[in-house]
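Enquirer: Sequence and predicted structure below; questions after.
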Amino acid sequence: MLAIEEANRRGLPGGFRLRLDDLDDTVQGKHDPAQGAQNVKDFVADPAIVASLGPMNSNVAEAEIPIGNAAGLAEITMAASASVLTHAPDALKLRIAQPNRPAFFRVCASDDRQGAAAAAFARSMGLERAFVIDDDESYGKGIADEFASAFARAGGAIAGREHLTAFALDLRPLLTKVKAVGPDMVFFGGIVSTGGAVLRRQMPDVGLGQVPYFGGDGLVSPEYVPLAGPAAEGTYFTTLAPDIDHFPDAHDFAAAYRARFGTRRPAATVPAVTPQRASRSRRSAGRLPPILAPSRRGRRCCGGSQLPRGWSHRSGQSRLIRAEISVSRSSACTAFVVAGSSSSARRAARSPLHAGRDGRENYRRRRPDGDCP
């Protein structure tokens with residue numbers, strides 16, 4: 001919204017102005033692929049729509065891409081990170097109508113980067129046996145697959161693999177099975193609303209409270225710590241948004257966001273704003289976009305979302321600590337850990353996680369006169 005207001009103040013070619021409308025892809029509080037697909041059909045049917053920003057969730061994007069591709073409607077996501085959405089050969093199956101004209105783009109890192117970052121950090125902690133659980137959705141299963149592959153390549157062992165049943169509330173039978181094989185960590189692929197917080201909350205009930213809990217950016221949500229409770233301590237997660245503080249051209253936007261909304265900007269807004277600003281400055285044609293381009297020292301490319309520094313659960317004993325980890329010379333993720341006050345928790349604060357995906361809106365741009373260029 002702020003970026004569109006700024007663009008309108010600067011003025012657009014031909015005297016056009018942009019207007020932001022939004023549609024929600026949630027149904028009964030959960031992101032819904034069918035609703036997302038209907039939203040894109042509405043976009044396609046309206047000649048005033050020139051682009052769609054979103055969705056937040058990968059399985060919603062998977063339902064939307066074929067529709068947008070057939071119609072040639074550009075769709076840009078800031079958070080749908082499943083590798084299958086843009087990586088061949090799976091991505092080609094989503095754009096059968098126009099295989100050589102992709103209409104879906106993203107400005108965030110994909111899950112192969114996140115999975116590799118989480119696996120590298122887990123191995124750096126000396127963890128050797130991982131039990132991998134996912135929510136059986138596009139994003140969750142995809143990032144769990146990426147983690148499992150990277151962890152094995154790094155010399156770790158996968159102690160077991162399970163999928164959650166949708167809407168299951170009692171996960172202790174599954175966790176009892178996990179405990180029986182003796183893993184020294186659990187990785188969850190999914191988001192808070194598909195079991196990410198409940199799973200962690202119930203781990204102490206079966207004696208797994210001290211086992212490190214890893215996840216992807218789907219765990220980063222204001223709801224995670226309150227729902228996981230004191231068990232949130234020891235959670236690690238990767239993030240796919242860059243640190244806005246590393247982009248001088250974006251400082252004014254960050255200040256405007258804080259002034260407008262009275263809070264630090266959400267992590268998911270950063271990829272949508274930062275690349276366009278950075279590309280106007282010192283980047284030349286043919287270089288990687290800012291989200292994927294390594295810095296001089298190869299330390300940062302897909303990490304560093306700005307979560308509140310005092311993020312804590314109701315007891316006030318846990319907090320979020322940030323650290324940078326290198327995955328390779330050209331790939332890194334900033335990692336976070338929800339940690340208590342113990343020195344061991346502080347030492348563990350070089351970790352992997354990100355901000356919530358619980359059914360955010362699809363956004364569309366509209367010209368008030370309804371004319372296309």
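Expert: In hand now; what should we look at? Treat the numbers as computed from the prediction; the structure is a model and nothing was measured.

Enquirer: Could you use CA atoms for every contact and neighbour count after this?
Expert: Will do.

Enquirer: Helices of the protein, residue ranges please.
Expert: 2-10, 33-45, 58-71, 90-94, 111-124, 138-153, 172-180, 196-202, 224-228, 251-261, 269-279, 343-347 (DSSP state H).

Enquirer: Point out where the stretch 101-250 of the chain drops to low pLDDT.
Expert: 241-242 (pLDDT under 70).

Enquirer: re earlier: quick one: closest of the helices of the chain to residue 101.
Expert: Closest to residue 101 of these is helix 58-71 (Cα to Cα; 7.5 Å).

Enquirer: just to revisit the earlier point, dump the helices of the chain into TSV; add distance to residue 84 and mean neighbour count as well.
Expert: Output for the helices of the chain, formatted as TSV (distance: least, Cα to Cα, whole Å; neighbours: other Cα atoms under 10 Å):
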stretch	distance to residue 84	mean neighbour count
helix 2-10	29	12
helix 33-45	16	19
helix 58-71	9	23
helix 90-94	5	18
helix 111-124	9	25
helix 138-153	8	23
helix 172-180	28	15
helix 196-202	22	24
helix 224-228	26	22
helix 251-261	32	14
helix 269-279	19	19
helix 343-347	35	12
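
Enquirer: mind giving me JSON lines with these and columns for distance to residue 26?
Expert: What follows is those, written out as JSON lines (distance: least, Cα to Cα, whole Å):
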{"stretch": "helix 2-10", "distance to residue 26": "23"}
{"stretch": "helix 33-45", "distance to residue 26": "7"}
{"stretch": "helix 58-71", "distance to residue 26": "10"}
{"stretch": "helix 90-94", "distance to residue 26": "22"}
{"stretch": "helix 111-124", "distance to residue 26": "23"}
{"stretch": "helix 138-153", "distance to residue 26": "16"}
{"stretch": "helix 172-180", "distance to residue 26": "28"}
{"stretch": "helix 196-202", "distance to residue 26": "18"}
{"stretch": "helix 224-228", "distance to residue 26": "19"}
{"stretch": "helix 251-261", "distance to residue 26": "23"}
{"stretch": "helix 269-279", "distance to residue 26": "19"}
{"stretch": "helix 343-347", "distance to residue 26": "36"}
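
Enquirer: quick one, which of these is nearest to residue 51?
Expert: helix 33-45 (8.3 Å).

Enquirer: helices and strands around the closest one, which ones?
Expert: Counting by 3 or more Cα pairs under 8 Å, 6 or more residues apart in numbering; DSSP states H and E, the packing neighbours recorded for helix 33-45 are strand 19-24, helix 58-71, strand 361-366.

Enquirer: Return that helix as PDB; C-alpha atoms alone will do.
Expert: Extracted in PDB, the C-alpha atoms of helix 33-45 (Å, rounded to 0.1, in the frame of the first residue of the first chain):
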ATOM      1  CA  PRO A  33      -6.300 -23.100  -2.800                       C
ATOM      2  CA  ALA A  34      -9.800 -23.100  -4.400                       C
ATOM      3  CA  GLN A  35     -10.500 -19.700  -3.100                       C
ATOM      4  CA  GLY A  36      -7.200 -18.500  -4.400                       C
ATOM      5  CA  ALA A  37      -7.900 -19.900  -7.800                       C
ATOM      6  CA  GLN A  38     -11.300 -18.100  -7.800                       C
ATOM      7  CA  ASN A  39      -9.600 -14.800  -6.900                       C
ATOM      8  CA  VAL A  40      -7.300 -15.100  -9.900                       C
ATOM      9  CA  LYS A  41     -10.300 -15.900 -12.100                       C
ATOM     10  CA  ASP A  42     -11.800 -12.700 -10.900                       C
ATOM     11  CA  PHE A  43      -8.600 -10.800 -11.700                       C
ATOM     12  CA  VAL A  44      -8.500 -12.300 -15.200                       C
ATOM     13  CA  ALA A  45     -12.100 -11.300 -15.900                       C
END
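
Enquirer: That one versus helix 58-71: what angle between them?
Expert: 30 degrees (axes from the mean of the first three to the mean of the last three Cα atoms, to 10 degrees).

Enquirer: So, low pLDDT: which residues of the stretch 251-373 of the chain?
Expert: 263-373.

Enquirer: Please repeat the previous calculation with a cut-off of 80.
Expert: 262-373 (pLDDT under 80).

Enquirer: Same list (the helices and strands packed on helix 33-45) but as a markdown table, adding distance to residue 146.
Expert: Output for those, formatted as a markdown table (distance: least, Cα to Cα, whole Å):
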| stretch | distance to residue 146 |
| --- | --- |
| strand 19-24 | 29 |
| helix 58-71 | 15 |
| strand 361-366 | 27 |
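
Enquirer: From residue 201, how far off is residue 211?
Expert: As judged by Cα to Cα, to the nearest Å, residue 211 and residue 201 stand 12 Å apart.

Enquirer: Identify the contacts common to these two.
Expert: By Cα atoms under 8 Å, 6 or more residues apart in numbering, residue 211 and residue 201 have no common neighbours.

Enquirer: For stretch 7-27, list the C-alpha coordinates in PDB.
Expert: Extracted C-alpha coordinates of stretch 7-27, given in PDB (Å, rounded to 0.1, in the frame of the first residue of the first chain):
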ATOM      1  CA  ALA A   7       4.500   5.500  -7.000                       C
ATOM      2  CA  ASN A   8       1.400   7.600  -7.400                       C
ATOM      3  CA  ARG A   9       3.100  10.600  -5.800                       C
ATOM      4  CA  ARG A  10       6.000  10.200  -8.200                       C
ATOM      5  CA  GLY A  11       3.700   9.800 -11.100                       C
ATOM      6  CA  LEU A  12       3.500   7.000 -13.700                       C
ATOM      7  CA  PRO A  13       4.000   7.100 -17.500                       C
ATOM      8  CA  GLY A  14       0.900   8.200 -19.300                       C
ATOM      9  CA  GLY A  15      -0.600   9.700 -16.300                       C
ATOM     10  CA  PHE A  16      -2.000   6.500 -14.900                       C
ATOM     11  CA  ARG A  17      -2.500   5.900 -11.200                       C
ATOM     12  CA  LEU A  18      -2.500   2.700  -9.300                       C
ATOM     13  CA  ARG A  19      -5.200   1.600  -6.800                       C
ATOM     14  CA  LEU A  20      -4.800  -1.300  -4.400                       C
ATOM     15  CA  ASP A  21      -7.700  -3.700  -3.900                       C
ATOM     16  CA  ASP A  22      -7.400  -7.000  -1.900                       C
ATOM     17  CA  LEU A  23      -9.000 -10.300  -1.900                       C
ATOM     18  CA  ASP A  24      -8.600 -12.900   0.800                       C
ATOM     19  CA  ASP A  25      -7.800 -16.600   0.100                       C
ATOM     20  CA  THR A  26      -8.800 -17.800   3.500                       C
ATOM     21  CA  VAL A  27     -11.900 -19.900   4.200                       C
END
